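*Asks:* Please work out how this folds:
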Amino acid sequence: MPNLAQILISDQTHALANNDVETYTSDKIKGDGYYGRTDGLHTAVWQLTDFVGTITIQGTLTTDPTTNDWVDIRLGSNNSSSVDTTGLVSTGSVSSITYSTATTTTAAFNFTGNFVWLRATITNWTAGSVNSIKVNL
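*Replies:* Numbers count the residues shown, from 1 in each chain. Sure, this is the predicted structure:
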């Protein structure tokens, strides 16, 4: 039985001076499709401290992916809701989450897909820390 909670990113802090833009892509982890599961249910959870940037979860159906094999995953669905630690309820689905002001939060999003591999990307990162991004299978 595989580990059901896999860490995509752990303890990453914006390292550039003067709030320069940084980009970070995690290593790939095995998704439901790798294990031959058919439900495709996943939950992504991240913990951020004073974070400014955009987080995207990506997946691929390819067993040996190249740069062009990754797609942005829609987090949530039109009939689902997510709640962050401030109590903010969001509905609908999005392919990325952007924090434009320094945000400290824990947020969780569900998604469905029989992805063989998963990864996280952080773009437009100008400040703060990613304490963790985890995916439950």
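
*Asks:* C-alpha from now on. contacts and neighbour counts both.
*Replies:* Noted.

*Asks:* just for the protein, where's the confidence low?
*Replies:* Counting by pLDDT under 70, the chain shows low-confidence ranges at 1-5, 16-17, 77-93.

*Asks:* in it, which residue is closest to the centre?
*Replies:* I57 (3.8 Å; Cα atoms, centre = their mean).

*Asks:* Look up the residues forming beta bridges with that one.
*Replies:* A120 (DSSP bridges).

*Asks:* Spit out the contact partners of it.
*Replies:* By Cα atoms under 8 Å, 6 or more residues apart in numbering, I57 lies in contact with 72-73, 95-96, 118-121.

*Asks:* Can you go through these and name the buried ones?
*Replies:* By neighbour count, with 16 or more other Cα atoms under 10 Å, the contacts of I57 hold 72-73, 96, 118-121 as buried.

*Asks:* biggest separation within these, which pair?
*Replies:* Farthest-apart pair in the buried ones among the contacts of I57 is S96 and L118; separation 14.4 Å (Cα to Cα).

*Asks:* about what we covered before: next, format the buried ones among the contacts of I57 as TSV and append distance to D27.
*Replies:* Shown next, in TSV, are the buried ones among the contacts of I57 (distance: Cα to Cα, whole Å):
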residue	distance to D27
D72	15
I73	16
S96	18
L118	9
R119	6
A120	8
T121	10
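
*Asks:* Looking at the residues you listed, which is nearest V45?
*Replies:* Nearest to V45 out of the buried ones among the contacts of I57 is A120 (Cα to Cα; 11.1 Å).

*Asks:* got the contact list for the closest one?
*Replies:* Taking Cα under 8 Å, 6+ apart, we find A120 in contact with 8-9, 25-27, 55-58, 133.

*Asks:* does Y24 sit in a helix or strand, and which one?
*Replies:* strand 22-25 (DSSP states H and E).

*Asks:* Buried ones in stretch 15-27, by neighbour count?
*Replies:* The neighbour-count check on stretch 15-27 (16+ other Cα under 10 Å) flags 21, 25-26 as buried.

*Asks:* And for stretch 100-107?
*Replies:* Within stretch 100-107, the residues scored as buried using 16+ other Cα under 10 Å are 102-104, 106-107.
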